[in-house]
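In: Got a predicted structure here, sequence first:
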Amino acid sequence: MNFNWDVFWQYLLQPSGVYLTGLWLTCLIAVSAMLLGCVLGLAAALLRLSKNPLLHLPVRFYVWLMRGTPLLVQIVFLYTALAAGGIFRFEDIELFGLVVPGNIQAAIIALGLNEGAYMAEIIRAGIGAVDKGQYEAGRS
């Protein structure tokens, strides 16, 4: 098998519309899921630092569940099991002139929930790493 450099350079320098559409969709899903994950992660980290068990125990379960199950299982469960059970149905919606199909919505939500669990642990660990003296100096 030989590598065809001419075809490689042709597709690299003059990509077709299908490749560009896929690239745009991938970037849209990634940025949307990361924004959702950062917001959820910040809220979950702050709730997890709470001393009230009614606030931090559900967040601990959420982080444990999201970090303990494979991402593909979460995506499939969110899209198929919830829709098949009649709990939630992903319909096509229009945002800012773009039609977002139901499967893309499910992917963004599942990726955002997963990212939120990991981000919650990152933020919680960062806050916990601040020395008590540094924390008191910042408050004063």
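Out: Received the coordinates, thanks.
In: in the top helix by length along the chain, what counts as buried?
Out: The longest helix of the chain (DSSP state H) is helix 17-48. Using 16 or more other CB atoms under 10 Å as the test for burial, helix 17-48 gives 29, 32-34, 36-38, 40-41, 44-48. Any C-beta I mention is one placed from the backbone N, CA and C, and that applies to glycine too.
In: what's the answer for stretch 49-58, then?
Out: The neighbour-count check on stretch 49-58 (16+ other CB under 10 Å) flags residue 56 as buried.
In: what is the rounded mean pLDDT of it?
Out: Stretch 49-58 comes out with an average pLDDT of 91.
In: Residues contacting that stretch, please?
Out: For stretch 49-58, contacts defined as CB atoms under 8 Å, 6 or more residues apart in numbering pick out 47-48, 124, 127-128.
In: now stretch 112-123
Out: Residues from elsewhere that reach stretch 112-123 (CB under 8 Å, 6+ apart): 32-42, 44-45, 48, 59, 62-63, 65-67, 71, 74, 78.
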